[in-house]
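J.: Give me coordinates for this.
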Amino acid sequence: LLTRVLLPVLVVGCGVSAVQPKRGKKIEISTSTADYASWLATNSDAAASSKPSDEEIEHMLEEEKRRKVHNEVREEGGQEYIQSVRSRSSREEFGSIPEDQSLNWQKRLIDDLFDPEFYERNVHPVVRDHTKPVRINVSMSLYQILEVDEHSQSLSVNVWMVQDWFDEFIDWNPEQYGLLNKTIVPHEQLWIPDTYLYNSETLEQKKTESLMNAIVTSGYWMNDTKGARVQLLFPAIYRLSCKMNVRFFPYDQQNCTFIISSWTHDKSSIDYWPKMPDVNLKNMVRNDEWEVLSFNFVRREVYYKCCKEPWVMLYAQLVIKRKPLYYIVNLVIPTSIITIVAVTGFFTPTSSSSERDEKLYLGINTLLTMSIMMLMVCNQMPSTSTYVPLMSWYYIGIIFVIVTGTLMATMVLAIHAQKQYNRPLSKGVRRLVHNWFVNNCILEVPTQLIELWMEYGIVDANRTSSNELDPIFQHSIDPISQMPPDPSRFFRTVSMDMDSQSVYSYERRLASITQQYTMHLKQKQSERKITRKSVSNAREVKRQKLMRSDATEMEDDFITSLMPPVTLKKLCALEWEYLANVLDRILLTIFSSITLVFFSVLVFFDYIHHYFE
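T.: Predicted coordinates:
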């Protein structure tokens, strides 16, 4: 009984390690794995039938004391202490070995540690308490972002992975192996956790991870540590699924998550912890398209319906932001320039109808160009109906501008074609295009059109009293023009009064009197507006309206009848062309402003995007 109680204490004091194979294999203990095999063969019977001697117990206590002193001195002396121990051990233990013989400490250590009779790589590396999970510390370094595929919604990265844990089946006293405290072992000889990337698009792990060697460090000089520390370092190229949100493309941010955990072991067997809260980015190769904003670990415990114990998941969240300069230079700016050129071509005044017809072909060609560029953008974005990307909205707006501009150009072309019918502008249309705002801010009236208006008295009634275009009307007002507003009586009086005049004087005075009489009619009409409210007879109001419209129509027809055909044709051509040019200038300003607004919003969206979120 005493032997069974003191034998484990003896093992600890002598700096030995325990190996417990899988499924009840007998426990074998050794100061070093090979030495204890021979010791056990010769002393197993004695150990079972007799208790340890006083010398053995004293040796055990001295060994434990020496180990504690080693730990304290090692912490204070560091490398100097190791060198002194190495020299002393060589002299004391291996002084008798000839100098021409060499002893490979590492080979001896590997042979002892990984003897198939004492180490099983398929056994969970826990000796004392099998209910205790193995803690796996995971760290990662991002080396390069290889590809971000928005269309297939996947991400490819090159990372350097590090996993470390303690294997209690592996331990040794460095003093017995020439102070060899660390060694490199092929990963096939060790127990390795089945860590897997859950959202990987490649099912075969060998195609993503390049496992090579592991660094094994003895825990002999680590306080309160049994076993050796194993570090598994390997590069990996992961291609994982990542839901892309391209709503604000090309100013989008993507959040891709690496889900790391064991595929078969729950928390009772393996417990994952991030070694550092953030992923190392110091060695990352710069990417010209994406900027890394953050990359950090989050540990969570996930419960599944199949199992009682939770699974420990490590979520490495990578947040990247797109650099929009490439798309602005190659897509946005060329599109805006093409649109402005097209709009300018739509609404540039021309003097012949054939040149105006070319605007329709320009609109169709520009529309085709925008469709091709939009197709290029769509090929880079995922097929989703949840939202419309910002770049798509831009191209939709540009296409709308081009389509609307083409329709407006067609309308202006139809207006310009009205000159062939020898019909002058109506009073209402002339009033819209011949005012202070249009003349000063949009387009001035052509000189030839002004001369025709002055010659035949075609002026706006609201501007006649102070019109600088026909000052002669301000000084010579014919008395006939002041007659009561009766068109039939007015024209009879004009005919009787001008019988004796020449034809030229007749036409000149008739035009002047007609213009003055029209002004007089307008003045009378404005005076009647005040009294019209008190008139209760609807027939009288209707008769007055008919009389004004008849007077206006008779005036226009009369002036037109006085003009020679050549002059009338010239007047109609100038008036309709002037109207078309005014519309061209107005539409050019409107559509150019809309295009510039679209361009400005897209270029400076990075500064105003928080208003759209």
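J.: where does residue 293 land in three-state SS?
T.: With DSSP: H, G, I helix; E, B strand; the rest coil as the basis, residue 293 sits in strand.
J.: wait, isn't it in contact with residue 320?
T.: Yes: if you go by Cβ atoms under 8 Å, residue 293 and residue 320 touch, sitting 6.6 Å apart. In this view, the C-beta of every residue, glycine as well, is placed from N, C-alpha and C.
J.: Mind listing the shared neighbours of those two?
T.: Residues touching both residue 293 and residue 320 (Cβ atoms under 8 Å, 6 or more residues apart in numbering) are residue 253.
J.: Comparing the two, which residue is more hemmed in?
T.: The residue with more neighbours, out of residue 293 and residue 320, is residue 320; 23 against 12, by other Cβ atoms under 10 Å.
J.: Now for that one: which residues touch it?
T.: When contacts are counted by Cβ under 8 Å, 6+ apart, residue 320 is found next to 145, 148, 253-254, 256, 290-293.
J.: separation between residue 301 and residue 194?
T.: 18 Å (Cβ to Cβ, to the nearest Å).
J.: and what of residue 107?
T.: On the measure of Cβ to Cβ, residue 107 and residue 194 end up 30 Å apart.
J.: For the longest helix along the chain, enumerate the helices and strands it packs against.
T.: Counting by DSSP state H, the longest helix found in the chain is helix 565-603. Helices and strands touching helix 565-603, by 3 or more Cβ pairs under 8 Å, 6 or more residues apart in numbering; DSSP states H and E, are helix 333-346, helix 390-416, helix 427-433, helix 447-456.
J.: Beyond the third one, next helix or strand please.
T.: Remark: after helix 427-433, the chain's next helix or strand is helix 436-437, criterion DSSP states H and E.
J.: follow-up on the earlier one: mind checking which of the helices and strands packed on helix 565-603 is nearest residue 364?
T.: Distance to residue 364, taken as Cβ to Cβ, is lowest for helix 390-416 among the helices and strands packed on helix 565-603, at 7.3 Å.
J.: got the angle between the closest one and helix 333-346?
T.: 10 degrees (axes from the mean of the first three to the mean of the last three Cα atoms, to 10 degrees).
J.: i'd like the first residue to be 30 from this point on
T.: Sure, I'll start counting at 30 from here, so that last one is helix 419-445.
J.: mean confidence for helix 419-445?
T.: Helix 419-445 shows a mean pLDDT of 86.
J.: which of the residues in it are buried?
T.: Buried residues in helix 419-445, counted by 16 or more other Cβ atoms under 10 Å: 419-421, 423-424, 426-428, 430-431, 433-435, 437-439, 441-442, 444-445.
J.: same check, this time on stretch 388-408
T.: Buried residues in stretch 388-408, counted by 16+ other Cβ under 10 Å: 388, 391-392, 395-396, 398-399, 402-403, 406.
J.: could these go into TSV alongside secondary structure and pLDDT?
T.: Shown next, in TSV, are the buried residues of stretch 388-408 (DSSP: H, G, I helix; E, B strand; the rest coil; pLDDT from 0 to 100):
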residue	secondary structure	pLDDT
388	helix	71
391	helix	78
392	helix	78
395	helix	83
396	helix	81
398	helix	82
399	helix	82
402	helix	81
403	helix	80
406	helix	77
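J.: Go through the residues you listed and name the one nearest residue 169.
T.: residue 406 (33.6 Å).
J.: Now do the same contact list for the closest one.
T.: Applying Cβ under 8 Å, 6+ apart, the residues contacting residue 406 are 278, 360, 418, 420-421, 424.
J.: any low-confidence regions in the stretch 280-429 of the chain?
T.: Applying pLDDT under 70 to the stretch 280-429 of the chain picks out residues 378-386.
J.: Could you tell me the end-to-end distance of stretch 220-239?
T.: Using Cα to Cα, to the nearest Å, one end of stretch 220-239 lies 16 Å from the other.
J.: Could you pull out the strands in the stretch 80-229 of the chain for me?
T.: 163-178, 183-196, 211-215, 224-226 (DSSP state E, counting those that start in this stretch).
J.: In TSV, list those strands along with mean neighbour count and distance to residue 614.
T.: Output for the strands of the stretch 80-229 of the chain, formatted as TSV (neighbours: other Cβ atoms under 10 Å; distance: least, Cβ to Cβ, whole Å):
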stretch	mean neighbour count	distance to residue 614
strand 163-178	18	47
strand 183-196	20	52
strand 211-215	15	81
strand 224-226	19	63
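J.: Among those, which comes closest to residue 628?
T.: Residue 628 sits nearest to strand 163-178 of all the strands of the stretch 80-229 of the chain, at 26.1 Å, using Cβ to Cβ.
J.: Let me see the mean pLDDT of that closest one.
T.: Strand 163-178 shows a mean pLDDT of 94.
J.: Which other helices and strands does it contact?
T.: When contacts are defined as 3+ Cβ pairs under 8 Å, 6+ apart, strand 163-178 packs onto strand 183-196, strand 282-291, strand 299-303, strand 319-331, strand 340-351.
J.: Could you export the first one as CSV, CA atoms only?
T.: What it means is strand 183-196. The C-alpha coordinates for strand 183-196 follow below in CSV (Å, rounded to 0.1, in the frame of the first residue of the first chain):
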residue,chain,number,x,y,z
SER,A,183,-16.9,34.8,-52.0
LEU,A,184,-13.6,35.9,-50.6
SER,A,185,-10.1,34.5,-51.0
VAL,A,186,-7.4,35.3,-48.6
ASN,A,187,-3.9,34.1,-47.7
VAL,A,188,-3.4,33.8,-43.9
TRP,A,189,-0.9,32.4,-41.5
MET,A,190,-2.5,30.3,-38.8
VAL,A,191,-1.1,29.4,-35.4
GLN,A,192,-2.7,26.9,-33.0
ASP,A,193,-1.0,26.0,-29.7
TRP,A,194,-2.0,23.6,-26.9
PHE,A,195,-0.4,21.5,-24.2
ASP,A,196,0.1,17.8,-24.8
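J.: just to revisit the earlier point, now the helices and strands packed on strand 163-178 as JSON lines including distance to residue 617?
T.: Output for the helices and strands packed on strand 163-178, formatted as JSON lines (distance: least, Cβ to Cβ, whole Å):
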{"stretch": "strand 183-196", "distance to residue 617": "46"}
{"stretch": "strand 282-291", "distance to residue 617": "38"}
{"stretch": "strand 299-303", "distance to residue 617": "61"}
{"stretch": "strand 319-331", "distance to residue 617": "40"}
{"stretch": "strand 340-351", "distance to residue 617": "35"}
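J.: Distance to residue 623 for the contacts of residue 349 - can I get that in TSV?
T.: Shown next, in TSV, are the contacts of residue 349 (distance: Cβ to Cβ, whole Å):
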residue	distance to residue 623
174	38
177	33
282	29
283	31
285	37
319	32
320	32
321	37
322	34
